[in-house]
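Enquirer: My questions concern the predicted model and sequence given below.
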Amino acid sequence: MKKNLGLLVIVTGVVLSILVVIKQKANFQKTPNPQDLKEASFYETLDNGYVRCQLCPNYCVLAPGQRGICKVRENINGKLYSLVYGKPVSINVDPIEKKPLYHFLPGTKIYSLATAGCNLDCQYCQNWDIAQRQPEDLASFDMTPQQVIDEALKAKAEAIAFTYNEPTVWYEYMFDIAKLAKQNNLKTVIITAGYINQKPLKELLPYLDAVKIDFKSINPQTYQTLIKGNLEPVLQTIKTVHQSGKWLELVHLVVPEFTDDLKEVAQLCTWIENNLGPDVPLHLSRFWPKYKLLNLPPTPEKTLKEARKICLEIGLNYVYTGNIDDLEGSTTYCPQNQQPLIQRRGYFIEKNLIDQTGQAPSCPIQIPGVWEK
């Protein structure tokens, strides 16, 4: 069954990729004016007007007029430009728990924005309608980085989230917003698949406060089949973020027939414990049929709860279930005595005993996280 589904995904992906190429060729006739665009960071010029993007592990080599896999970075006359700088297509004020981040300013609001585009092709993409679209196919806002800061402050948000699609592909816009946020006492969060090269990642990290990475699978084959990417760069991103000291949380989407093998879940949790330690929160999230995987059922709640139990037994201290109504799986417990410290219902906090230093009266240890605004 798994092999048949994998073949179906690959065939569907090939057909859609052909359509994307056809669409991009049509877009070659609509070359924007470079004066209206932001020159991209992290690329090299090659012979005959070609360029090689060095932002992510795709390393797209582009002739003049061509766009990268991300759909939002184009070679115009031998220079690489971002087509989405200052052009968000989705803006919302969300509870921080929606990201999900459970150990980062719980109960606060976060100003969230996204552009078009993505450098991966997750077959179950929840936001495919913006992530897998050409920028000219979507209505966008015109917002400078300073305007984003102003709106976030007006909304009384504690932080700004680069989210919904893959923020890596709008790196320049995100970078400038993050720098300004630091000057305005706003925290910054990136919600990412972690598919980024080390140099741009390390240049961005000083301006971030928290990183949430989607850890799709511990199986390299599944990464290639399910999201059209490679596992190793993501593992390196996770380790680099952890070593930087920035707050890190991980999400693993449990997809029937692809990532619901409990032995592989155990391998993933063992990798986390061995490389990051027991205190990095892991969210095990329920799959809902979306995009190219409409033929699959939602993940059984029992599977998520069994996976959580396995991860706790391996030694992880903070393991949560997502996209299901599970009080136990959404509660933060003291690892020493199992007293409930933060109880959540959906995106709402019902009880929070942790103070701004990470201490709680009923727990003898400091709970890791960012608790102070």
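Expert: Thanks, I have the structure now. All figures in this text were calculated on a predicted structure; none of them were measured in a lab.
Enquirer: Give the buried residues for stretch 321-333.
Expert: For stretch 321-333, the buried set under the neighbour-count rule, 16 or more other C-beta atoms under 10 Å, comprises 321-324, 326, 329-333. Backbone N, C-alpha and C define where each C-beta goes, glycine included.
Enquirer: now for the residues you listed, which pair is the farthest apart?
Expert: Within the buried residues of stretch 321-333, 323 and 333 form the most distant pair, 20.1 Å apart (C-beta to C-beta).
Enquirer: Disregarding flanking residues, what is the spatial nearest neighbour of residue 153?
Expert: Closest residue to residue 153 apart from its sequence neighbours, by C-beta to C-beta, 6 or more residues apart in numbering: residue 184 at 6.6 Å.
Enquirer: so how many other residues sit close to the one you found?
Expert: 12 (other C-beta atoms under 10 Å).
Enquirer: quick one: it and residue 146 touch, right?
Expert: No: with contact defined as C-beta atoms under 8 Å, residue 184 does not reach residue 146; the gap is 9.3 Å.
Enquirer: I'd like the mean pLDDT over whichever strand or helix holds residue 321, please.
Expert: Residue 321 is part of strand 319-322, with elements assigned from DSSP states H and E. The average pLDDT within strand 319-322 is 98.
Enquirer: Give the next helix or strand downstream of that strand.
Expert: Downstream of strand 319-322, the next assigned helix or strand under DSSP H and E is strand 332-333.
Enquirer: Just the helices from the stretch 51-200 of the chain, written as ranges.
Expert: 128-131, 145-154, 171-183, 198-204 (DSSP state H, counting those that start in this stretch).
Enquirer: Is it possible to get TSV of these that adds mean neighbour count?
Expert: Converted to TSV, the helices of the stretch 51-200 of the chain look like this (neighbours: other C-beta atoms under 10 Å):
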stretch	mean neighbour count
helix 128-131	20
helix 145-154	17
helix 171-183	20
helix 198-204	16
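Enquirer: Is it possible to get CSV of those that adds mean pLDDT and distance to residue 70?
Expert: CSV is the format used below for these (pLDDT from 0 to 100; distance: least, C-beta to C-beta, whole Å):
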stretch, mean pLDDT, distance to residue 70
helix 128-131, 96, 9
helix 145-154, 98, 20
helix 171-183, 98, 10
helix 198-204, 98, 13
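Enquirer: And the residue of the chain most remote from its centre, how far from residue 73?
Expert: Most distant from the centre of the chain: residue 48, at 35.2 Å, with distances by C-alpha atoms, centre = their mean. Between residue 48 and residue 73 the distance, using C-beta to C-beta, to the nearest Å, works out to 19 Å.
Enquirer: Output the below-cut-off pLDDT ranges for this protein.
Expert: The chain contains residues with pLDDT under 70 at 1-32.
Enquirer: At the geometric centre of it, which residue sits there?
Expert: Among the residues of the chain, residue 192 comes closest to the average C-alpha position under C-alpha atoms, centre = their mean, at 1.9 Å.
Enquirer: That residue contacts residue 167, doesn't it?
Expert: Yes: applying C-beta under 8 Å as the test, residue 192 and residue 167 come out as touching, 5.8 Å apart.
Enquirer: Tell me where the stretch 51-200 of the chain has strands.
Expert: 51-53, 61-62, 73-76, 79-82, 90-95, 109-114, 159-162, 187-192 (DSSP state E, counting those that start in this stretch).
Enquirer: Excluding its own residues, what touches the last one? List them.
Expert: Residues from elsewhere that reach strand 187-192, judged by C-beta atoms under 8 Å, 6 or more residues apart in numbering: 96, 99, 101, 104-105, 110, 158-164, 166-168, 174, 177-178, 181-182, 204, 207-214, 370.
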